[in-house]
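Peer 1: coords below, sequence missing:
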């Protein structure tokens with residue numbers, strides 16, 4: 001059943017649509033043939049018609065020419081006969097031979113003229129009439145010859161009269177015959193002239209019509225090419241561009257030719273890309289969730305690992321303070337070194353996780369390169385001295401600066417120098433140089449005289465946990481130092497590369513963004529170090545210390561450590577609320593606060609302590625396994641006196657307690673001495 005719109009369509013619309021679809025469904029080869037053939041056929045038709053008309057014109061012109069030639073030849077014969085008769089009449093009357101000259105001339109020419117008449121008659125198709133004229137002409141010439149003979153014999157004019165009359169009669173007959181013979185061609189010439197005029201007009205009209213038709217055919221071919229090929233190719237090209245840019249496609253008329261199939265391919269590709277984009281989005285979301293879960297796991301694992309490490313390293317440090325045999329002291333030192341190595345590994349893993357998740361906080365600012373290199377060299381000098389390795393500094397540009405996070409660049413350089421020491425031969429050397437590249441870059445290169453690396457190993461060393469067989473040697477390492485150094489460098493918009501000659505050492509180059517020269521050395525802005533530890537106070541100036549921690553092992557480490565500090569009294573609470581009550585009741589000199597408590601978070605306990613006038617002045621030292629820089633700065637800004645990350649270095653804790661004791665002994669309120677242990 002037709003719709004209302006279909007029923008109201010004008011006649012011929014469906015036919016036009018059908019013709020359009022037929023054209024669009026044709027193959028490109030068929031379209032090309034049609035586009036070329038339409039003008040060509042029109043041109044061939046015009047040329048053929050023109051040739052036919054020209055042939056007709058030629059035929060008609062030949063007929064007219066033959067008729068004109070016949071009339072001219074007949075008139076020539078008649079003229080020659082008349083001249084001969086007139087000449088003979090004059091001779092007959094005057095007997096003067098002068099009058100015979102035309103007659104004599106006629107006799108010399110009449111043969112050729114009669115032959116020409118015969119040919120014209122054959123061409124014109126009137127041979128019978130020509131024969132009659134030719135016979136009469138011959139009779140006339142014979143009578144004139146007899147008349148001449150008679151005149152030569154000398155008869156009187158009266159005797160010549162019958163011959164003259166016979167000649168006149170024959171001449172009149174010849175005139176009539178010639179007139180009859182020429183009448184037809186003359187009339188035919190007139191008719192043929194009209195026909196030729198008509199044909200010429202038709203040829204001119206046909207030429208004009210041919211030009212118009214050829215132009216129209218050419219325009220039709222262009223229109224067919226444009227509608228069926230060019231415009232759709234343009235749309236397909238635009239759709240290909242939009243497809244590459246992920247934009248929605250332009251609509252195109254459906255067709256069954258190659259262009260239509262290409263458009264269908266674009267649509268299928270768009271649908272496929274949409275499905276792939278949805279799948280990639282889902283995969284990305286899954287990966288993000290997995291990364292978040294991994295980071296959460298690493299953060300939780302870091303905390304869980306730091307908690308037992310706090311007990312391990314804490315009790316180990318207590319053992320170091322005890323009277324031990326040389327063998328036991330060596331064992332304790334080995335336990336402490338292994339524990340600290342494990343702690344460094346945990347810190348590196350956490351840094352890598354932060355970089356991958358984008359949570360690594362960086363403070364990029366202009367930093368002088370040479371002082372930082374000198375600081376790292378001083379830090380690594382004892383380690384190099386143990387193996388008699390010489391550290392050479394080659395930094396001639398004192399004002400050279402780069403946009404970096406100072407603490408992270410120091411971490412990278414310490415890592416590279418440490419590797420250069422560990423993988424160098426005894427008595428070797430390390431050269432640390434800095435230079436300015438012409439591309440707005442600053443390069444710091446650490447070159448060693450070690451065994452070097454094979455070409456195939458230059459990138460493998462940046463794969464996490466890949467040590468190239470060094471794990472089977474006595475050289476300590478985890479295989480994540482270099483991957484972490486590269487990741488930190490790239491996070492600061494730089495890059496870390498390595499070059500090496502096997503047997504001659506390796507060179508690690510850190511390239512960073514150039515900063516304007518710094519004429520004055522700025523104060524370093526990483527974590528401020530604690531202020532100088534005042535002299536140890538007398539034993540009678542002990543402290544009252546409150547430890548708020550739910551971990552018995554941590555409390556035991558603190559308790560045993562404080563036994564060696566005369567006059568120190570330790571209070572403890574295993575929950576946040578109990579710690580607040582104890583702080584208000586006993587007002588201790590120092591509070592040691594853990595962040596993860598069973599009832600309240602450590603930051604909540606800190607806020608309540610600072611909000612209560614009775615406890616607001618008590619120095620609070622936060623002890624936590626959470627090494628996040630954001631958490632550390634937030635708690636320090638909230639009023640914490642210091643923040644120590646677990647595992648705790650008891651010597652550092654002792655220094656902070658000495659500071660608090662000296663301040664209390666001088667009856668002064670301690671100023672916040674911010675100390676952030678290495679994360």
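Peer 2: Sure, I can see it. Just so you know, these numbers come straight off a predicted model, no measurement behind them.
Peer 1: From residue 269, how far out is the closest residue to residue 27 other than its chain neighbours?
Peer 2: Among residues not flanking residue 27 along the chain, residue 257 sits closest, at 5.4 Å (CB to CB, 6 or more residues apart in numbering). (C-beta placed from N, C-alpha, C; glycine too.) Using CB to CB, to the nearest Å, residue 257 is found at 19 Å from residue 269.
Peer 1: got it, and residue 163?
Peer 2: Counting by CB to CB, the gap from residue 163 to residue 269 is 115 Å.
Peer 1: before we move on, the earlier item: pull the number of nearby residues for the residue nearest to residue 27.
Peer 2: Neighbour count of residue 257, defined by other CB atoms under 10 Å: 20.
Peer 1: That one is in contact with residue 25, isn't it?
Peer 2: Yes: assessed by CB atoms under 8 Å, residue 257 is found in contact with residue 25 at 6.2 Å.
Peer 1: three-state assignment of residue 399?
Peer 2: coil (DSSP: H, G, I helix; E, B strand; the rest coil).
Peer 1: how about residue 120, what does it touch?
Peer 2: 66, 69, 70, 72, 73, 74, 130 (CB atoms under 8 Å, 6 or more residues apart in numbering).
Peer 1: Format these as JSON lines; extra columns: distance to residue 441 and pLDDT.
Peer 2: Output for these, formatted as JSON lines (distance: CB to CB, whole Å; pLDDT from 0 to 100):
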{"residue": "66", "distance to residue 441": "102", "pLDDT": "79"}
{"residue": "69", "distance to residue 441": "104", "pLDDT": "83"}
{"residue": "70", "distance to residue 441": "108", "pLDDT": "79"}
{"residue": "72", "distance to residue 441": "107", "pLDDT": "84"}
{"residue": "73", "distance to residue 441": "110", "pLDDT": "83"}
{"residue": "74", "distance to residue 441": "113", "pLDDT": "82"}
{"residue": "130", "distance to residue 441": "114", "pLDDT": "78"}
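Peer 1: Which single one of those is nearest to residue 660?
Peer 2: Nearest to residue 660 among those: residue 66, at 143.9 Å, using CB to CB.
Peer 1: Would you confirm that the closest one belongs to a strand?
Peer 2: No: Residue 66 is assigned helix when assessed by three-state DSSP, not a strand.
Peer 1: what's the neighbour count on it?
Peer 2: Count around residue 66 with other CB under 10 Å applied: 22.
Peer 1: So it versus residue 123, what's the distance?
Peer 2: 4 Å.
Peer 1: Does residue 324 belong to a helix, a strand or coil?
Peer 2: Going by three-state DSSP: residue 324 is coil.
Peer 1: Isn't it up against residue 332?
Peer 2: Yes: between residue 324 and residue 332 there is a contact at 6.5 Å, judged by CB under 8 Å.
Peer 1: Which of these two has more residues huddled nearby?
Peer 2: residue 332 (19 against 14).
Peer 1: State the helix or strand in which the more buried one lies.
Peer 2: helix 326-357 (DSSP states H and E).
Peer 1: ok, the helix or strand following that helix: who's next to it in the sheet?
Peer 2: The helix or strand immediately downstream of helix 326-357 is strand 365-368, counting by DSSP H and E. Sheet pairing of strand 365-368 (DSSP bridges) gives strand 401-404 (antiparallel).
Peer 1: What average pLDDT does the strand it pairs with get?
Peer 2: Mean pLDDT, strand 401-404: 90.
Peer 1: try stretch 257-270
Peer 2: Per-residue pLDDT values across stretch 257-270 average out to 78.
Peer 1: how about that stretch: buried residues?
Peer 2: The neighbour-count check on stretch 257-270 (16 or more other CB atoms under 10 Å) flags 257, 259, 260, 262, 263, 266, 270 as buried.
Peer 1: How about the backbone phi and psi for the first one?
Peer 2: Backbone torsions of residue 257, given as degrees, to the nearest 10, read phi -90, psi -170.
Peer 1: how far away is it from residue 132?
Peer 2: According to CB to CB, residue 257 stands 76 Å off from residue 132.
Peer 1: Repeat that for the last one.
Peer 2: Counting by CB to CB, the gap between residue 270 and residue 132 amounts to 95 Å.
Peer 1: in stretch 498-514, what's buried?
Peer 2: By neighbour count on 16+ other CB under 10 Å, the buried set for stretch 498-514 is 498, 500, 505, 506, 507, 508, 509, 510, 511, 512, 514.
Peer 1: er, stretch 584-591 actually
Peer 2: 588, 589, 590, 591.
Peer 1: Low-confidence bits of the stretch 1-150 of the chain, can you list those?
Peer 2: 1-21, 23-24, 26, 28, 31-32, 35, 38-39, 42, 53, 57 (pLDDT under 70).
Peer 1: Ok, the stretch 201-350 of the chain next?
Peer 2: 221, 223-228, 291-292, 294-307, 341, 344-345, 348-349.
Peer 1: Helices of that one, start to end?
Peer 2: For the stretch 201-350 of the chain, the helices defined by DSSP state H, counting those that start in this stretch occupy 231-245, 258-320, 326-357.
Peer 1: now the angle from the second one to helix 231-245?
Peer 2: With axes from the mean of the first three to the mean of the last three CA atoms, to 10 degrees as the criterion, the two stretches helix 258-320 and helix 231-245 enclose an angle of 0 degrees.
Peer 1: Tell me where the stretch 1-150 of the chain has helices.
Peer 2: 4-7, 13-25, 28-94, 100-124, 127-153.
Peer 1: Buried residues in the last one, which are they?
Peer 2: Within helix 127-153, the residues scored as buried using 16+ other CB under 10 Å are 129-130, 132-134, 136-137, 139-141, 143-144, 147-148, 150-151.
Peer 1: which residues does the nearest residue to residue 84 once chain neighbours are set aside contact?
Peer 2: Leaving aside its chain neighbours, residue 84 sits nearest to residue 106 (3.9 Å; criterion: CB to CB, 6+ apart). By CB under 8 Å, 6+ apart, the contact set of residue 106 is 80, 81, 83, 84, 87.
Peer 1: Now do the first one against residue 254, distance only.
Peer 2: From residue 80 over to residue 254 the distance is 88 Å, taken as CB to CB.
Peer 1: residues in contact with stretch 319-331?
Peer 2: 332, 333, 336, 561, 564.
Peer 1: hmm, back to that, quick check: which of the helices of the stretch 1-150 of the chain is nearest to residue 457?
Peer 2: Closest of those to residue 457 is helix 28-94, at 56.5 Å (criterion: CB to CB).
Peer 1: now the closest one and helix 258-320, what's the angle there?
Peer 2: Going by the same axes, to 10 degrees, helix 28-94 makes 150 degrees with helix 258-320.
Peer 1: any idea how far helix 28-94 is from the chain center?
Peer 2: Here helix 28-94 is found 73 Å from its chain centre; the criterion is CA atoms, centre = their mean, to the nearest Å.
Peer 1: In space, what's closest to residue 312 - neighbours in sequence excluded?
Peer 2: Nearest to residue 312 is residue 339, by CB to CB, 6+ apart, at 5.2 Å.
Peer 1: Helix, strand or coil: sort out residue 447 for me.
Peer 2: Quick answer, by three-state DSSP: residue 447 is strand.
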